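Student: Next input, structure requested:
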Amino acid sequence: MNTTLKTALGIGLVAFTHSGIAQQDGSLQLDTGAITVSGLSSGGFMATQFHLANSDKVSGAAMLASGPYYCAQNDIAVALSQCVDKVNSPLDIKALSAQAKNWAQAGKIPPLANLKDDNVWLLHGSADTRVNSAVSDALYQQYQQWVPAEQLTYVNDKPFSHVFPTVDAGGSCLDSAPPYIGQCEYDAAGELLTALLGELNPPDDVLEGAVISFDQQEIAGDDASTLADKGYAYIPASCSNGEACRVHVSFHGCNQYAEAVDMAYVEQTGLNRWADDNQLVVIYPQTRKSLIMPMNPQGCWDWWGYTSDAYATSEGPQIKAVNAFIDYLATR
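Tutor: This next block holds a predicted model:
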């Protein structure tokens with residue numbers, strides 16, 4: 001971090017001590033009407049759920065190594081047999097999409113017609129054995145029903161394993177191991193943000209902003225009961241100084257929460273580099289593992305129903321919690 005930056009947010013947030021910044025009075029000017037989201041693996045499932053559950057204010061979504069909306073059908077057995085590394089029978093995209101339509105008609109998610117103006121970017125590495133290619137293909141087929149072809153990108157011809165691909169950060173691109181960030185000579189962060197937001201200023205080599213933490217439990221209460229105590233956000237200096245900024249939410253994958261991989265996902269994907277020069281605040285909400293009910297031993301986002309039957313709708317606890325984090329940063 002740039003140690004000369006001397007301004008931060010006077011909103012009860014805690015800046016990392018290595019950032020060398022002090023708090024001052026001030027607030028963020030965030031556009032919360034055109035949020036973009038992204039995520040890897042379980043974070044990709046969560047990004048899709050968040051997209052559909054908030055399509056009135058989410059304008060674009062990027063999913064890496066992920067699958068279709070409501071793939072698990074509120075059943076961990078279905079999740080494991082149909083939606084991860086194996087697909088024991090063909091995925092019924094029509095039925096899964098019908099559930100989304102039914103929920104939209106019942107008011108449990110906004111109208112699916114909202115999606116027609118959105119940009120969607122998908123990636124599945126050809127060397128990924130953690131998530132079957134048929135699962136990601138199904139997500140692509142599902143979005144083809146909702147998003148015009150010219151707004152939908154599917155990258156599935158790159159030899160990446162189950163990682164978030166970067167130019168030179170992380171471990172081996174061919175090794176699906178913590179922190180699940182791979183040196184692939186490919187800037188997935190730049191590709192996805194450009195697809196979602198349009199032409200961007202190219203990043204430079206110096207980050208002027210800072211990573212801050214916030215209290216997920218205090219902000220979201222019971223809705224954050226399955227989440228970690230702390231979440232994180234990258235705040236560019238321009239945003240700290242009062243410029244109008246957009247919001248991007250990025251969801252980590254299983255075994256990729258901060259307690260497991262420290263700050264790797266928050267700091268190494270490349271999203272912050274692009275955000276720094278493009279007036280973009282990036283929020284990194286965090287899960288935690290649980291070895292008691294509700295069971296979540298790998299710290300995954302809820303895409304099979306461990307928090308609530310409403311997990312994939314606007315009333316899903318984790319979805320409501322992340323909305324609370326966005327509102328907190330935008331209004332305090």
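Student: Tell me who's in contact with Val84.
Tutor: Counting by Cβ atoms under 8 Å, 6 or more residues apart in numbering, Val84 touches Gly67, Arg130, Val131, Asn132, Val135. No exception for glycine: its C-beta is placed from N, CA and C like everyone else's.
Student: any idea where the helices of the stretch 151-300 of the chain begin and end?
Tutor: 188-197, 216-220, 237-240, 258-261, 264-268, 271-276 (DSSP state H, counting those that start in this stretch).
Student: out of those helices, deepest packed?
Tutor: helix 271-276 (a mean of 25; mean count of other Cβ atoms under 10 Å).
Student: pretty sure Pro236 is in contact with Cys245, am I right?
Tutor: Yes - between Pro236 and Cys245 a contact is recorded at 7.0 Å, counting by Cβ atoms under 8 Å.
Student: Which residues are in contact with each of those two?
Tutor: Common neighbours of Pro236 and Cys245, counting by Cβ under 8 Å, 6+ apart, are Gln279, Leu280, Val281.
Student: Surely the first one and Ser240 touch.
Tutor: No - under the criterion of Cβ under 8 Å, Gln279 is not in contact with Ser240, lying 11.0 Å apart.
Student: one step back: and the two most separated of the contacts of Val84?
Tutor: Gly67 and Arg130 (11.6 Å; Cβ to Cβ).
Student: Looking at those two, which one has more neighbours?
Tutor: Gly67 (31 against 16; other Cβ atoms under 10 Å).
Student: check contacts around that one.
Tutor: Gly44, Phe45, Cys83, Val84, Leu91, Val131, Val135, Ser136, Ala138, Leu139.
Student: Columns pLDDT, distance to Phe164 and secondary structure on top of those, output as CSV?
Tutor: Listed next are these as CSV, based on pLDDT from 0 to 100; distance: Cβ to Cβ, whole Å; DSSP: H, G, I helix; E, B strand; the rest coil:
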residue, pLDDT, distance to Phe164, secondary structure
Gly44, 98, 10, helix
Phe45, 98, 15, helix
Cys83, 97, 19, coil
Val84, 97, 17, coil
Leu91, 95, 24, coil
Val131, 97, 13, coil
Val135, 98, 17, helix
Ser136, 98, 14, helix
Ala138, 98, 21, helix
Leu139, 98, 17, helix
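Student: quick check, nearest of these to Arg273?
Tutor: Looking across the contacts of Gly67 and measuring by Cβ to Cβ, the closest to Arg273 is Gly44, at 21.0 Å.
Student: Distance of that closest one relative to Glu191?
Tutor: Going from Gly44 to Glu191 by Cβ to Cβ, to the nearest Å gives 15 Å.
Student: Equivalent analysis for Thr331, please.
Tutor: 32 Å.
Student: Also Cys300?
Tutor: Relative to Glu191, and taking Cβ to Cβ, Cys300 is found at 25 Å.
Student: How about Ser38?
Tutor: Relative to Glu191, and taking Cβ to Cβ, Ser38 is found at 11 Å.
Student: From what I see, Tyr265 and Asn255 are in contact.
Tutor: No - assessed by Cβ under 8 Å, Tyr265 is found out of contact with Asn255, at 10.4 Å.
Student: where do the contact lists of those two overlap?
Tutor: Tyr180.
Student: where exactly do the strands run in the chain?
Tutor: 14-15, 29-30, 35-40, 58-64, 119-123, 152-155, 164-166, 171-172, 181-183, 210-215, 230-235, 244-251, 280-284 (DSSP state E).
Student: Go through the fourth one and flag the buried ones.
Tutor: Translated: strand 58-64. Within strand 58-64, the residues that count as buried by 16 or more other Cβ atoms under 10 Å are Val58, Ser59, Gly60, Ala61, Ala62, Met63, Leu64.
Student: Great, nothing more from me.
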